[in-house]
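[1] I'd like to go over a predicted model; first the sequence, then the structure.
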Amino acid sequence: MIESVEQWSLPTDTKKIIQDRFVSLKNKVVLEVFMKNGQNDQFNALTIFFTKELEKLSDKIEVRVNKIGDEQSNKYKVVRSPTILINPEEFKIRYTGTPLGEEGRSFIETIIMVSQHDSSLSKVSKELLKKLRELRRVQVFVTLTCPYCPLQVLTAFKAAIENPKYVSSECIEISENVDLAKKYDVVSIPQTVINEQKISRGLEPEDQLITEIVTLKPLRELTEELSINKENIVVDLIIVGGGPAGLTAGIYAARSGLKTVVLEKDVVGGQVTLTPIVENWPGFQRIPGKQLMDMITIQAQTYVAILEGEEVKEIKIGKSIEALTYRNHFIGKALILATGVTPKKLDVPGEDVFFGRGVSYCATCDGYLFKNKLAVVVGGGNTAMTDALYLKNLGVNVTVLHNRGELTADKIFQDSLRRENIPVRSDTEIEEIMGKNNVTEVKIKNIKSREIKNIKTDSVFVAIGGKSNNYLASEIGLVLDDFEYVKVDRYGRTNIPRIYAAGDVTGGVRQIVTAVGSGAAAATSAFEDLVHPPWISKKNKQNNS
């Protein structure tokens, strides 16, 4: 089953990117690969192919292939195929399943961290882990299509590198380990289990996950006590948000000569990374949203520092502009808010109760969990249609619920929906989401006839638009419009000098191309204002008069 892998090869550009990353390898890294014929054979072949390709890219990497049942597998208690251990004599880091797709990111980064013997955790997180004197077994459940999962996995692995005596961490790919997913009732990913306790669902900031690893419960207060050791980082421009607007702003600002940092609380790329296919980006007939954002991110990284997992908790405005995260204290001359939007909620009974247990706002993340099951997609726009088509392609039995008489999505999406024979219930809204441990049905109402009925479903995917992430904007006194978007002029300036905004947080036509344009405009304005401050000129004129 695995002989044909010799004929495979990674794309040349992918090899070049990985090879460039591997320049930073310092010490030898041993990848112990375990497999068993007849168990996930296709994934076994892919795992051996991928690890052997990496071995060719650096003399610091050695791959050892083992069979489950031999002495090595018994020594490390490996029973699942495929499994990869990374430097198991030093660290307890395990991939149970193939580290491809999105998890290729975490795999490459983990190899580098292990080689450097550096967890790259913040001072706060390191201080927390020093206090740990009990064994912790961390399991992060993922799918290969989830863009949020690699960050959660990386944090878990960083903990195992920082405190190898007490922490063991494992990434579990659920399609290859269905029985484990069922055992731990995984219905939303990433899902994190610590010492057999289901601690969290979804991506968490580094400080929060590390705190949970140490305490076995959320204890943010401890992190905040230690955060007095924050590092001061001085730049010219702080950009909050790493979506299309923020990344483009970073490129333009850096090219103008401004020392710039981009802070992203979750995954760089924003909502676009969750879009299976983008069909309206100039120059590409069709391109996966994740691939498009990866291209933009790679370009931006050549100009500007991009920090993931840096959630800005507070902005202070004085002689300098300050942005405070749990890890660091950023000091700049100007700031651009590109915080985007978050999915709107239905605000119906059961929605919060069953979030992560059948209610989802990310089909790309959680869709695979409902293969051969029932799902309803709520919404009538392009995002809802994209989600419905994506779920159908995965093998989900999907129905669209829309509260209007006609869909609002582009004709091309509606045509695709009809071709795939996906049923649509128009003039219908959800009254309640119901179930026991997980979603089992929803109560729906026909808006015209007022008829109410219950329909069976295993999941509810909500795609009814977004609301502005305006918390930081409101806190510092930026003016919002009637729809609670940040008000800006055509150049991205807000009502407060040296504070700018760009992208979906400003409302308007919420498209990738408009976000990119507004990011460029805001960065250009920031550069021009810092070179020739209009507020100083205005003050001088007033004094002279």
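    Nice, I can see it. Residues are numbered from 1 along each chain as shown.
[2] what ranges do the strands span in the stretch 401-545 of the chain?
    Using DSSP state E, counting those that start in this stretch, the strands of the stretch 401-545 of the chain run over 424-425, 428-435, 439-446, 452-456, 460-462, 466-468, 499-501.
[3] would you mind giving those strands as JSON lines with distance to Asp59 added?
    The way it works is simple: take the backbone N, C-alpha and C, and place the C-beta from them, glycine included. Output for the strands of the stretch 401-545 of the chain, formatted as JSON lines (distance: least, Cβ to Cβ, whole Å):
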{"stretch": "strand 424-425", "distance to Asp59": "57"}
{"stretch": "strand 428-435", "distance to Asp59": "54"}
{"stretch": "strand 439-446", "distance to Asp59": "51"}
{"stretch": "strand 452-456", "distance to Asp59": "57"}
{"stretch": "strand 460-462", "distance to Asp59": "47"}
{"stretch": "strand 466-468", "distance to Asp59": "48"}
{"stretch": "strand 499-501", "distance to Asp59": "47"}
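[4] winner for burial among the ones you listed?
    strand 499-501 (a mean of 28; mean count of other Cβ atoms under 10 Å).
[5] and that one, what does it pack against?
    Here strand 499-501 touches strand 334-337, helix 512-531, going by 3 or more Cβ pairs under 8 Å, 6 or more residues apart in numbering; DSSP states H and E.
[6] give me the contacts around that strand.
    317, 321, 334-338, 473, 476, 478, 486, 488, 492-494, 522-523, 525-526 (Cβ atoms under 8 Å, 6 or more residues apart in numbering).
[7] and it, how far out from the chain's middle?
    24 Å (Cα atoms, centre = their mean, to the nearest Å).
[8] same check on stretch 125-145?
    18 Å.
[9] now that stretch: average pLDDT?
    For stretch 125-145, mean pLDDT rounds to 93.
[10] quick one: buried residues of that stretch?
    125-129, 132, 136-145 (16 or more other Cβ atoms under 10 Å).
[11] not counting sequence-adjacent ones, nearest residue to the residue nearest the centre of the chain?
    The residue lying closest to the centre of the chain (Cα atoms, centre = their mean) is Tyr148, at 2.9 Å. Leaving aside its sequence neighbours, Tyr148 sits nearest to Leu203 (Cβ to Cβ, 6 or more residues apart in numbering; 4.1 Å).
[12] okay, buried residues for stretch 165-172 please.
    Those would be Tyr166, Val167, Ser168, Ser169, Glu170, Cys171, Ile172, for stretch 165-172 by 16+ other Cβ under 10 Å.
[13] pull the contacting residues for the second one.
    Each residue near Val167 by Cβ under 8 Å, 6+ apart is listed here: Lys92, Leu129, Leu132, Leu135, Arg136, Val138, Ala159, Ala160, Ile213.
[14] just those residues: which are in strands?
    Among the contacts of Val167, the ones falling in strands (DSSP state E) are Arg136, Val138.
[15] ok, so of the contacts of Val167, who is nearest Thr275?
    Val138 (30.3 Å; Cβ to Cβ).
[16] surely the closest one touches Ala156?
    Yes. Using Cβ atoms under 8 Å, Val138 makes contact with Ala156 at a distance of 4.5 Å.
[17] anything in contact with each of those two?
    Ser169, Glu170, Thr192, Ile213.
[18] which one of the residues you listed is nearest Val178?
    Nearest member of the shared contacts of Val138 and Ala156 to Val178, counting by Cβ to Cβ, is Glu170, at 16.2 Å.
[19] tell me which stretches of the stretch 351-500 of the chain form helices.
    363-366, 382-394, 411-419, 471-475 (DSSP state H, counting those that start in this stretch).
[20] burial measure for Val65, as a count.
    Neighbourhood size, Val65 [other Cβ atoms under 10 Å]: 16.
[21] indicate which one of the helices and strands packed on strand 499-501 is closest to Ala253.
    The nearest among the helices and strands packed on strand 499-501, by Cβ to Cβ, is helix 512-531 at 4.1 Å.
[22] give me the residues contacting that closest one.
    Counting by Cβ under 8 Å, 6+ apart, 236-237, 243-253, 256-258, 272, 278, 280-282, 292, 333-334, 336, 338, 488, 490-493, 497-498, 500-504, 506, 508 sit against helix 512-531.
[23] and for stretch 179-186?
    Thr96, Gln139, Phe141, Ile172, Ile174, Gln191, Val193, Lys198, Arg357, Leu369, Asn437, Asn438.
[24] what are the buried residues along it?
    Those buried within stretch 179-186 under the rule 16+ other Cβ under 10 Å are Leu180, Ala181, Tyr184, Val186.
[25] let's have those in a markdown table, adding secondary structure, distance to Lys392 and pLDDT.
    Shown next, in a markdown table, are the buried residues of stretch 179-186 (DSSP: H, G, I helix; E, B strand; the rest coil; distance: Cβ to Cβ, whole Å; pLDDT from 0 to 100):
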| residue | secondary structure | distance to Lys392 | pLDDT |
| --- | --- | --- | --- |
| Leu180 | helix | 27 | 94 |
| Ala181 | helix | 22 | 90 |
| Tyr184 | coil | 27 | 90 |
| Val186 | coil | 22 | 88 |
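[26] JSON lines for those, including distance to Lys448?
    Shown next, in JSON lines, are the buried residues of stretch 179-186 (distance: Cβ to Cβ, whole Å):
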{"residue": "Leu180", "distance to Lys448": "46"}
{"residue": "Ala181", "distance to Lys448": "41"}
{"residue": "Tyr184", "distance to Lys448": "43"}
{"residue": "Val186", "distance to Lys448": "39"}
